[in-house]
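Novice: With the sequence up front, the predicted model follows.
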Amino acid sequence: MDNTRVVAVIAAFNEADRIAATIHAVRDIAAVGKILVVDDGSTDATAEVAEHAGAVLLRLPQNVGKGKALQRAMEGVREEIVLFLDGDLGACAGEAAKILEPVLNEEADMAIGDFPKAQKAGGLGFAKGLGRWGIHRFTGVYMNEPLSGQRAVKAKYVSGLDFESGYGLEVGLSIDILKQGCRVVEVPVCMTHRETGRDLAGFVHRGRQFLHILRVIIRRMLSDT
């Protein structure tokens, strides 16, 4: 298999405890030729652990947020297909092979990982519901998993985009890619990462998600006027 077509890009902030397991799992995916980890101003040993695990490292001097970290990484991408993954997936990152398959087989221009139901009670679905509504509002497409950051996409459709800096990143990407007429599919995967519960920290996190997604939607409404 030609593995020069695919680069896995992982933005990581203070993921020293999980980044090595994530990298090792991605290295076992035959189609992935390079793993690029963007250390987004971590204050722990994320960069050192990632490099030791065999990833190519792009180290940012300060935290700029996942979206802008990924945008910086795209400046150096020359591969045909980009596999975006979160740094805290651990061993289940190997499931990303399922996400790559429809793009490699020319069945889609972007494929998104559709996670199973969370193992513990989380939010009330407001952020996810807003994301679904926003994507449908601008593209006419209904998505089950609008907030998933695990996605394979042809690089030509994302290389020139202005990535959102907050939690609206994925919704913004989906809207911008779908508006280019791209074929997008969702792929069921057995992936998990850190989950937030129904405690104060969890509700604060989801409140920020909602506001950031709303900001993305409002920006695009204004740009369409």
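Specialist: Yep, that arrived.
Novice: okay, CA-based contacts and neighbour counts for the rest of this
Specialist: OK.
Novice: May I ask which helix or strand encompasses the residue nearest to the spatial centre of the chain?
Specialist: Centrality entry for the chain: nearest residue to the mean C-alpha point is Gly149, 2.5 Å, by Cα atoms, centre = their mean. Using DSSP states H and E, Gly149 falls within no helix or strand.
Novice: Just read off the phi/psi values of it.
Specialist: phi -90, psi 0 (degrees, to the nearest 10).
Novice: for the protein, longest strand please?
Specialist: Ranked by residue count and defined by DSSP state E, the top strand of the chain is strand 32-40.
Novice: Name the residues that touch the helix or strand following that strand?
Specialist: Once strand 32-40 ends, the next helix or strand along the chain (criterion: DSSP H and E) is helix 46-52. Outside helix 46-52, the residues within contact range by Cα atoms under 8 Å, 6 or more residues apart in numbering are 12-17, 19-20, 23, 37, 39, 56-57, 59.
Novice: taking those residues one by one, which sit in helices?
Specialist: Ile19, Ala20, Ile23 (DSSP state H).
Novice: Packing partners of the longest strand of the chain?
Specialist: strand 6-12, helix 19-27, helix 46-52, strand 56-60, helix 66-74 (3 or more Cα pairs under 8 Å, 6 or more residues apart in numbering; DSSP states H and E).
Novice: Partner strands of it and their direction?
Specialist: strand 6-12 (parallel), strand 56-60 (parallel) (DSSP bridges).
Novice: Name the nearest of the ones in helices among the contacts of helix 46-52 relative to Met74.
Specialist: Minimum distance to Met74 across the ones in helices among the contacts of helix 46-52 is 18.6 Å, recorded for Ile23 (Cα to Cα).
Novice: which parts of the lengthiest helix in the chain are buried?
Specialist: Counting residues, the longest helix in the chain under DSSP H turns out to be helix 200-224. The neighbour-count criterion (16 or more other Cα atoms under 10 Å) identifies Phe203, Arg206, Gln209, Phe210, Leu211, His212, Ile213, Leu214, Arg215, Val216, Ile217 as the buried residues of helix 200-224.
Novice: For Ile177, find the nearest of the helices and strands packed on strand 32-40.
Specialist: helix 66-74 (14.7 Å).
Novice: contact partners of the closest one?
Specialist: Contacts of helix 66-74 (Cα under 8 Å, 6+ apart): 9-12, 36, 38, 40, 58, 60, 159, 162-166, 169.
Novice: re earlier: just put the ones in helices among the contacts of helix 46-52 in JSON lines and tack on neighbour count.
Specialist: Output for the ones in helices among the contacts of helix 46-52, formatted as JSON lines (neighbours: other Cα atoms under 10 Å):
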{"residue": "Ile19", "neighbour count": "29"}
{"residue": "Ala20", "neighbour count": "24"}
{"residue": "Ile23", "neighbour count": "28"}
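Novice: mind checking how far Leu214 is from Gly76?
Specialist: As judged by Cα to Cα, to the nearest Å, Leu214 and Gly76 stand 30 Å apart.
Novice: Go ahead and confirm Val26 touches Ala93.
Specialist: Yes. Counting by Cα atoms under 8 Å, Val26 touches Ala93, with 6.0 Å between them.
Novice: thinking again about what came up before, list the residues that contact the residue nearest to the centre of the chain.
Specialist: Here Gly149 is in contact with Phe84, Leu85, Asp86, Ile112, Gly113, Glu170 (criterion: Cα under 8 Å, 6+ apart).
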